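Trainee: structure, please.
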Amino acid sequence: MRRLLVLLAVLWVCDGVKFGQLCSSNPSNSRRTSDRWGQGQYGAGRGTRLHQGLDIKCSDGAAVYAPFDVTLNGKLTVYTDPSKAAINEGINLSGQGLCFKLFYVRPDRTSGTVRKGQRIGTMLPMQSVYPGITSHIHVQMCDKRDPTPYF
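Mentor: From the prediction side, this is the model:
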């Protein structure tokens, strides 16, 4: 019974969470829709796999902000392909009962806590790897569930 109450409490806390502004060039967190490289919504086709995140538009070189008070949980590597080295960074974060990752971001630091709206990094140059793509931050939940309800 106690475990059920804890689970319900966590679900209740997470239920009302909304991401604040992620990118200085996109105050409303507009989503990447469709371009010549594909679509940015969760579950979009990626060849033989499905897109496991949500893409939020962000101009190359723009400042990236904490969407709410977060803990920085280390840097992440996005790709194993050396031809994508220019965009091969990201950061693991947690806050508001959520665990999530931001891809294509060079973090200013990788540990500690940051308040909502504070700068956490810089958008990497997507155009250098994917010319013509809508540059974006890829938001992926640690458990790979759909992040769309949080936007």
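
Trainee: tell me the contacts of the closest residue to Cys99 other than its chain neighbours?
Mentor: With CB to CB, 6 or more residues apart in numbering as the criterion, Cys99 has its nearest non-adjacent residue at 3.7 Å, and that residue is Cys142. In short, each C-beta sits where N, CA and C put it, glycine included. Shown in contact with Cys142 (CB atoms under 8 Å, 6 or more residues apart in numbering): 92, 99-101.

Trainee: please produce JSON lines containing the residues you listed, extended by neighbour count and distance to Asn73.
Mentor: Compiled in JSON lines, the contacts of Cys142 are given as follows (neighbours: other CB atoms under 10 Å; distance: CB to CB, whole Å):
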{"residue": "Asn92", "neighbour count": "18", "distance to Asn73": "4"}
{"residue": "Cys99", "neighbour count": "13", "distance to Asn73": "8"}
{"residue": "Phe100", "neighbour count": "22", "distance to Asn73": "10"}
{"residue": "Lys101", "neighbour count": "20", "distance to Asn73": "9"}
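
Trainee: Lys144: how many residues sit nearby?
Mentor: Neighbours of Lys144 under the rule other CB atoms under 10 Å: 12.

Trainee: my guess is it contacts Leu50, does it?
Mentor: No: the pair Lys144 / Leu50 is not scored as a contact, 9.7 Å apart, by CB atoms under 8 Å.

Trainee: just to revisit the earlier point, what about the contacts of Cys142, which are in strands?
Mentor: 92, 99-101 (DSSP state E).

Trainee: of all those residues, which comes closest to Ser59?
Mentor: Lys101 (20.3 Å; CB to CB).

Trainee: hang on, that closest one packs against Thr77?
Mentor: No: under the criterion of CB under 8 Å, Lys101 makes no contact with Thr77, lying 10.9 Å away.
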